[in-house]
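In: Here is the input, now give the coordinates:
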Amino acid sequence: MNLTIEGELTDLNTYIRAERTNRFISAKIKHDETERVALEAQAAKLPPVSRYPVRIAFRWYSKDSRKDIDNVAFAKKFILDGLVLAGVLEGDGRKHVVGFAGEEFLVDRERPRVEVSLTCREDVKKLL
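Out: Down below sits the predicted model:
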């Protein structure tokens with residue numbers, strides 16, 4: 001199952017700055033980004049995952065390479081919470097998500113985005 005989230009999500013440094021300024025600002029960022037992912041999942045008509053646990057792979061396309069990859073990857077939190085909010089995942093705990101299948105960080109100045117792939121654990125074992 002695949003999902004593309006258009007644009008860049010809030011990175012860790014931006015979130016920390018907001019949190020230090022006012023905790024309500026950071027709470028709004030988390031709410032807005034989680035809701036954004038949920039809406040993208042609903043627009044893509046992603047069905048609920050039927051077989052657990054899953055592994056998730058991420059392909060991050062940024063508009064430039066100035067942000068450190070760990071700051072960019074912080075947005076996994078918004079993505080997992082958004083998938084739960086949209087009803088794609090029952091939960092984002094270890095019962096439902098056993099790990100991340102991989103990550104790649106690329107530059108696309110014209111179309112920054114995140115491509116997310118969910119794979120059932122049994123399907124991953126078949127590939128190995």
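In: these two touch, right, P112 and R59?
Out: No: contact criterion Cβ atoms under 8 Å: P112 and R59 do not qualify, at 11.6 Å. Quick note: C-beta positions are derived from backbone N, CA and C, even for glycine.
In: what's the overlap in contacts for the two?
Out: Residues touching both P112 and R59 (Cβ atoms under 8 Å, 6 or more residues apart in numbering): none.
In: For whichever strand or helix holds D32, name the packing helices and strands.
Out: According to DSSP states H and E, D32 maps onto helix 23-43. Under the contact criterion of 3 or more Cβ pairs under 8 Å, 6 or more residues apart in numbering; DSSP states H and E, helix 23-43 touches strand 2-6, helix 12-21, helix 76-85.
In: what's the closest of these to R51?
Out: Between R51 and the helices and strands packed on helix 23-43, the tightest spacing by Cβ to Cβ is seen for helix 76-85, at 15.0 Å.
In: Give me the most central residue, the protein.
Out: The residue lying closest to the centre of the chain (Cα atoms, centre = their mean) is I79, at 2.9 Å.
In: residue contacts, V37?
Out: Shown in contact with V37 (Cβ under 8 Å, 6+ apart): 5, 9, 78-79, 81-83, 85-86.
In: just S65 next, same as before
Out: By Cβ under 8 Å, 6+ apart, S65 lies in contact with 105, 107.
In: Test for you: state the pLDDT assigned to it.
Out: On pLDDT, S65 comes in at 95.
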